[in-house]
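Visitor: using only what follows, build the 3D model:
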Amino acid sequence: MKKDEIVEAVAEAADISKAEADRALGAIISTVTEQVAAGNKIQLPGLGTFEPRERSAREGRNPQTGETIQIAATTVPGFKAATAFKQAVSG
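Guide: Numbering: from 1, shown residues only. Take a look at the predicted model:
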């Protein structure tokens with residue numbers, strides 16, 4: 001599904017206009033992004049948990065030359081699906 005399709009489905013399910021659904025979806029996405037970037041965990045019951053995860057520094061290889069390179073430590077976004085979501089997807 002693309003964003004427009006999600007907005008349309010939310011608008012229909014919540015009986016609101018597409019503009020309101022678009023603003024709500026945008027607010028949810030920006031809030032989750034801001035909070036995870038700030039180091040906070042976001043739990044959405046029935047969907048899952050978004051959280052920042054630390055990735056330590058490590059060695060890697062340049063696939064073209066085979067040369068060893070250092071990959072810096074970084075923080076990446078992580079998602080763990082809720083049990084209800086996993087069960088819904090698996091059938």
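Visitor: counting by contacts, list what the longest helix anywhere in the chain packs against.
Guide: Among the segments of the chain that qualify as a helix by DSSP state H, the longest is helix 18-37. Where contact means 3 or more C-beta pairs under 8 Å, 6 or more residues apart in numbering; DSSP states H and E, helix 18-37 is packed against helix 3-14, strand 42-44, strand 48-55. (Each C-beta comes from the backbone N, C-alpha and C, glycine too.)
Visitor: so the longest one versus helix 18-37, what angle?
Guide: So that's helix 3-14. Per axes from the mean of the first three to the mean of the last three C-alpha atoms, to 10 degrees, the angle that helix 3-14 makes with helix 18-37 is 110 degrees.
Visitor: for helix 3-14, packing partners?
Guide: helix 18-37.
Visitor: give me the contacts around the helix it packs on.
Guide: Applying C-beta atoms under 8 Å, 6 or more residues apart in numbering, the external contacts of helix 18-37 come out as 3, 6-8, 10-11, 14, 16, 42, 50-52, 77.
Visitor: one more time with 10 Å
Guide: By C-beta atoms under 10 Å, 6 or more residues apart in numbering, the list of residues contacting helix 18-37 from outside reads 3-4, 6-14, 16-17, 40-42, 44, 50-53, 75-79.
Visitor: and if you look at stretch 74-89?
Guide: Residues contacting stretch 74-89 (C-beta under 10 Å, 6+ apart): 32-33, 36-37, 39, 41-57.
Visitor: kindly report the same for stretch 49-69.
Guide: Outside stretch 49-69, the residues touching it (C-beta under 10 Å, 6+ apart) are 32-33, 35-44, 70-82.
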